[in-house]
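K.L.:
Test case, fold it:
(2 chains)
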Number of protein chains: 2
Amino acid sequence: MKKLLNDPAQAVDESVEGFGLAHADLVEVRTDPLFVVRRQRPPHGTVAVVSGGGAGHEPLHAGFVGEGMLDAAVPGAVFTSPTPDQVGAAFVAADAGGGVLAIVKNYTGDVLNFETAAELADAEGVTVRTVLVHDDVAVEDSLYTAGRRGVGGTVMVEKIAGAAAARGDDLDAVAALAERASAAVRSMGVALHAPTVPHVGRPSFDLADDEIEIGIGIHGEPGRHRIPMASADEITKMLVEPVADDLGLANGEKVLLFVNGMGGTPPSELYVVYRAARRLLEERGVTVERSLVGSYVTSLEMQGCSVTVMRLDDELTGLWDAPVHTPALRW
Amino acid sequence: MKKLLNDPAQAVDESVEGFGLAHADLVEVRTDPLFVVRRQRPPHGTVAVVSGGGAGHEPLHAGFVGEGMLDAAVPGAVFTSPTPDQVGAAFVAADAGGGVLAIVKNYTGDVLNFETAAELADAEGVTVRTVLVHDDVAVEDSLYTAGRRGVGGTVMVEKIAGAAAARGDDLDAVAALAERASAAVRSMGVALHAPTVPHVGRPSFDLADDEIEIGIGIHGEPGRHRIPMASADEITKMLVEPVADDLGLANGEKVLLFVNGMGGTPPSELYVVYRAARRLLEERGVTVERSLVGSYVTSLEMQGCSVTVMRLDDELTGLWDAPVHTPALRW
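P.N.:
Residues are numbered from 1 along each chain as shown, chains lettered A, B, ... in the order given. Model prediction:
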């Protein structure tokens, strides 16, 4: 295993420390327990939006802490849920008097630990509402999940909720919009090469030299099928069609198209996939109104990508377009 | 070879086409010959800043086309200089009546082709001045270079020149600031795994499972030495010290620190390197005033990173901070 790390047991702490130093204008890193909180507090009464999950998916979630997106993010160990005391401390620190919206990717450990954390926060007088992201159409139930997994669509749900909070919506309204975003978004991914978890030291799964896995999870959970290596256009079709079918996209609809790199895939390849995905959507009479291309929800250095599509309406488009100023997303 | 591509011979065209579709608000892709130009033209008389080089280093250069940075970018084939007619056409298209500053990474093919292109543009009445970037301290002369190679520091030179042009500086002034930025910046990189050029189909060089190459070039050109795999802190020291020594950084100086991913390295590792680099600079009494962490000058899916340090003064800091709105860099 060759990685730019020191002691694997310290990798998350050291990485988050470096992240905090590099982005000290936007975020503050707290330790004991570890979480990242926005440096500039929003006005009193604003809803705080908080997310978190296992490390190894950077820039998700800490990269989205800042104006117009997350107020705090909680990294666990690599591919491991953060503990309830971490999450609870982040809820309490982020609360600005308007309550907390927690955005949770649908993994059993995350769901349970965020639930316990909400009880801890409630005991300190902080109200927490939770919205689940479960956008991965590849499989029902999985290695760490009952129901569908939360993957790339998390970026959209976090952006929409953060924009709603920033414009002053109350907790019910922010939660309702996050639910609407979550209901409007679907994803599917593919792996070309497996990642290696630092403290494990060997690839998370085996893929032959000419084999890829369609429907892969962001922790290397099994997908739908392994197939021989295919062209970008063919692979993209295997991702876009299940997503568009599951969304029930009809002629004349407008969408946001997000092509996400899994960590080890260069941008040049993501744009080849974007080109193919866009053509497939346009063939269905669907208009791509907004786009995002880049590695935002990664799986360490895994090679591969995911395609996320969100059905847009005027309000979701407006919230997507609203200003955001975070380390990883800014406009 | 597993890559998200169709016909390798079409990879650059398809990728740039996807890029143009995803960022149609900012850029326009021209074909025959291929280049990328800013969609919104600057005011008449503004200096145009143009760069380019072999593909495979994305988001460099096309990702930096937009307000406050580049007016046009010219991608060659993978790791291959763009042709003089491509570059010349970009010069002519980008010129807004104030002349063109060309920023050229110091590779012999690029230098020659940009020179010929400047003559072509001159024949059409467009004045071109050229600034070379040669920030890589690893080696003098190399596989494709006489003198030092141009690597990560290119981002800084392009940003500084673009900001100077945007505030209305004339061609002499923009060229002088680009030269100052180029003289103030140094870099050095490391490779953990080699990339594979699509139309070649096998890794660009061989590295053993426990071996890394210090001082690697962004086309896989040989560096200073191969050593056994080491810790992030040790590796970072081997990059930062030659850079800081070559710059002659003294106690009390201020710098910009840029930790760049080579394409296949996840952000979490880059922040571990950033943390180590920052400590080393601080031990010398150097203050890190500005930071950039991410994969901006890549080598396809190569795993590794580079460290770039630019000596700052008030004017360079102001130009770095000036607004930029491009697909890959925005504030």
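K.L.:
C-alpha from now on. contacts and neighbour counts both.
P.N.:
Fine.
K.L.:
neighbours of the residue in the stretch 201-331 of chain A that chain B sits nearest to, just the number please.
P.N.:
Using C-alpha to the nearest C-alpha, residue A:264 is the residue of the stretch 201-331 of chain A that sits closest to chain B, at 3.9 Å. As a burial measure, residue A:264 scores 28 neighbours (other C-alpha atoms under 10 Å in any protein chain shown).
K.L.:
residues touching the residue nearest to it when sequence neighbours are not counted, list them.
P.N.:
Computed as C-alpha to C-alpha, 6 or more residues apart in numbering or on different chains, the closest residue to residue A:264 that is not its neighbour in sequence is residue B:264, at 3.9 Å. Under the criterion of C-alpha atoms under 8 Å, 6 or more residues apart in numbering or on different chains, the contact list for residue B:264 reads A:263, A:264, A:265, A:266, A:301, B:300, B:301, B:302, B:303, B:304.
K.L.:
Do I have it right that the fifth one meets residue B:265?
P.N.:
So the one you mean is residue A:301. Yes: with contacts counted by C-alpha atoms under 8 Å, residue A:301 reaches residue B:265, the gap being 6.0 Å.
K.L.:
Which neighbours do the two have in common?
P.N.:
With C-alpha under 8 Å, 6+ apart applied, the overlap between the contact sets of residue A:301 and residue B:265 consists of A:263, A:264.
K.L.:
any idea how chain A splits into domains?
P.N.:
Each domain of chain A is listed here as a residue range: A:10-184, A:185-320, per automatic domain parsing.
K.L.:
all helices for the stretch 101-250 of chain A, in order.
P.N.:
Counting by DSSP state H, counting those that start in this stretch, residue ranges of the helices within the stretch 101-250 of chain A are A:108-123, A:153-166, A:171-183, A:232-247.
K.L.:
which of these sits most buried?
P.N.:
Highest mean neighbour count among the helices of the stretch 101-250 of chain A (mean count of other C-alpha atoms under 10 Å in any protein chain shown): helix A:153-166, with a mean of 28.
K.L.:
and it, what other elements does it pack with?
P.N.:
Packing partners of helix A:153-166 (3 or more C-alpha pairs under 8 Å, 6 or more residues apart in numbering or on different chains; DSSP states H and E): strand A:48-55, strand A:100-105, strand A:128-133, helix A:171-183, strand A:185-193, strand A:303-311, helix A:314-321.
K.L.:
now that helix and strand A:303-311, what's the angle there?
P.N.:
Here helix A:153-166 points in a direction 50 degrees away from that of strand A:303-311 (axes from the mean of the first three to the mean of the last three C-alpha atoms, to 10 degrees).
K.L.:
Now do helix A:153-166 against strand A:185-193, angle only.
P.N.:
Here helix A:153-166 runs at 140 degrees with respect to strand A:185-193, directions being taken by the same axes, to 10 degrees.
K.L.:
Give me the mean pLDDT for helix A:153-166.
P.N.:
For helix A:153-166, the mean pLDDT works out to 98.
K.L.:
Ok, stretch A:37-53 next?
P.N.:
Looking at stretch A:37-53 alone, the average pLDDT works out to 96.
K.L.:
buried sites along it?
P.N.:
Neighbour-count burial for stretch A:37-53 flags A:37-39, A:42, A:45-53 (criterion: 16 or more other C-alpha atoms under 10 Å in any protein chain shown).
K.L.:
can I have it written out in CSV, keeping just the CAs?
P.N.:
Backbone C-alpha positions of stretch A:37-53 (Å, rounded to 0.1, in the frame of the first residue of the first chain) are rendered in CSV as follows:
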residue,chain,number,x,y,z
VAL,A,37,-17.9,23.9,12.5
ARG,A,38,-18.4,27.0,10.5
ARG,A,39,-16.2,29.9,11.7
GLN,A,40,-18.6,32.7,11.0
ARG,A,41,-21.8,32.0,13.0
PRO,A,42,-25.1,32.7,11.2
PRO,A,43,-27.6,35.2,12.6
HIS,A,44,-29.5,34.1,15.8
GLY,A,45,-32.5,32.0,15.0
THR,A,46,-31.1,30.6,11.8
VAL,A,47,-31.5,26.8,11.3
ALA,A,48,-28.2,25.0,11.5
VAL,A,49,-27.6,22.3,8.8
VAL,A,50,-25.3,19.5,10.0
SER,A,51,-24.1,16.3,8.3
GLY,A,52,-21.4,13.7,8.7
GLY,A,53,-20.4,10.1,8.2
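K.L.:
wait, does it contact chain B?
P.N.:
No: using C-alpha under 8 Å from any C-alpha of the partner chain, we find that stretch A:37-53 stays clear of chain B, coming within 14.4 Å at best.
K.L.:
Report the distance from that stretch to the chain centre.
P.N.:
Relative to the centre of its chain, stretch A:37-53 is centred 17 Å away, using C-alpha atoms, centre = their mean, to the nearest Å.
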